[in-house]
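Asks: When you get a sec, could you give me coordinates for this:
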Amino acid sequence: MAIQKILIVDDSPTERYYLTDILVRNGFTVTTADNGEEALAKIRAERPELILMDVVMPGANGFQVTRSIARDPELASVPVIICSSKNQETDRIWGMRQGAKDYFVKPVDPAKLLATIATLGA
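Replies: All right, here's what the predicted structure looks like:
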């Protein structure tokens, strides 16, 4: 099933705008959350088909929220792609261990992001 509804979780308005612009121009429906707690509420209410998750945010960080999603039987089927400024290999490995399907370092390459979304929705 092709992915249509995407939730962007990032505390940076600039980053939310950047990712939203890329996705909307490519036909996706986008909602946003600016922290982990808001993200979990929106995931349950709106049932996005994909989540783009920042790591460094106030409150619960993206690794913690991704782990919560992966461990929740109701939410575990929703793929998470981490989009973070944390660019160490250990960060990428840790993100994947928390349940992320992929890990992008900001600024996210639009072509790679869209290709990954297409692969996840295939």
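Asks: Secondary structure element holding the residue nearest the centre of the chain?
Replies: Closest residue to the average C-alpha location of the chain: L52 at 1.4 Å, with Cα atoms, centre = their mean. If you go by DSSP states H and E, L52 is part of strand 50-53.
Asks: quick one: strands adjacent to that strand?
Replies: strand 5-9 (parallel), strand 80-84 (parallel) (DSSP bridges).
Asks: Looking at the ones you listed, which one is packed in the most?
Replies: strand 80-84 (a mean of 25; mean count of other Cβ atoms under 10 Å). The C-beta positions use only the backbone N, C-alpha and C, and glycine is treated the same way.
Asks: Check the offset of that one from the chain's centre.
Replies: Distance, stretch centre to chain centre, for strand 80-84: 5 Å (Cα atoms, centre = their mean, to the nearest Å).
Asks: Which elements pack onto the helix or strand just after it?
Replies: Remark: after strand 80-84, the chain's next helix or strand is helix 89-97, criterion DSSP H and E. Packing partners of helix 89-97 (3 or more Cβ pairs under 8 Å, 6 or more residues apart in numbering; DSSP states H and E): helix 62-71, strand 80-84, strand 102-105.
Asks: May I see these arranged in a markdown table, with distance to A111 and mean pLDDT as well?
Replies: Listed next are the helices and strands packed on helix 89-97 as a markdown table, based on distance: least, Cβ to Cβ, whole Å; pLDDT from 0 to 100:
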| stretch | distance to A111 | mean pLDDT |
| --- | --- | --- |
| helix 62-71 | 23 | 97 |
| strand 80-84 | 14 | 98 |
| strand 102-105 | 12 | 98 |
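Asks: Next up, the contacts around the residue nearest to the centre of the chain.
Replies: Contacts for L52 were tallied using Cβ atoms under 8 Å, 6 or more residues apart in numbering; they are 6-10, 19, 80-81, 83.
Asks: Need the max-distance pair from those.
Replies: Greatest spatial distance among the contacts of L52 (Cβ to Cβ): L19 and V80, at 13.9 Å.
Asks: between the contacts of L52, which is nearest R47?
Replies: L7 (9.4 Å).
Asks: returning to that earlier point: could you export the strands paired with strand 50-53 to JSON lines, including columns for distance to I93?
Replies: Shown next, in JSON lines, are the strands paired with strand 50-53 (distance: least, Cβ to Cβ, whole Å):
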{"stretch": "strand 5-9", "distance to I93": "20"}
{"stretch": "strand 80-84", "distance to I93": "11"}
